[in-house]
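Chemist: only geometry, no sequence info:
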């Protein structure tokens, strides 16, 4: 245990050192500088598998779904316009969401994740709060694919 290497604190990534971009199917690209938080998750759906000769059941992955939430400062009509296009024209908007994490202090480097086929579940079209501080909107969405064109580097000492 004396020779056990540990991670250096500098190699964590600051959660604030990120950028996000939306690219619509029409090729329009937007920098989401009003984005405050974002979390996108992949979730597996599994079926239980009864196995003869075993008391414990197994589990088999049968499908997956991607979903997420993003909180923005409400100072853009971008997401409202997407929803209004569906309401008024019957045209739903799909887009790709590119998320970049890069902390120049960390030896892990940066990461780029592209969520493809994103589609909004909900957005707030009107709100106020007399006790509130800043106008925000939490946007729920789903996505159909994930690409990671740039991933973190392996830190020294991780390879056992």
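Modeler: Structure's in. What do you need? Just so we're clear, the structure is a prediction, and the values are computed from it rather than from any experiment. Numbers count the residues shown, from 1 in each chain.
Chemist: secondary structure element for the residue most central in space within the chain?
Modeler: With distances taken as C-alpha atoms, centre = their mean, residue 40 lies nearest the centre of the chain, 3.0 Å away. Using DSSP states H and E, residue 40 sits within strand 35-49.
Chemist: mean confidence for that strand?
Modeler: Model confidence over strand 35-49 averages 98 on the pLDDT scale.
Chemist: mind listing what's buried in that strand?
Modeler: The neighbour-count check on strand 35-49 (16 or more other C-beta atoms under 10 Å) flags 35, 38, 40 as buried. Placement of C-beta: from N, CA and C, glycine included.
Chemist: Stretch 83-90 too?
Modeler: The neighbour-count check on stretch 83-90 (16+ other C-beta under 10 Å) flags residue 83 as buried.
Chemist: Tell me the strands beside the host helix or strand of residue 147, with direction?
Modeler: Here residue 147, judged by DSSP H and E, is contained in strand 145-150. When pairing is defined by DSSP bridges, strand 145-150 lines up against strand 110-122 (antiparallel).
Chemist: got the contact list for the strand it pairs with?
Modeler: Contacting residues not belonging to strand 110-122 are listed as 22, 40, 66-68, 79, 82-83, 92-103, 139-152 [C-beta atoms under 8 Å, 6 or more residues apart in numbering].
Chemist: how far does that strand sit from the chain's center?
Modeler: Relative to its parent chain, strand 110-122 has a centroid offset of 6 Å by C-alpha atoms, centre = their mean, to the nearest Å.
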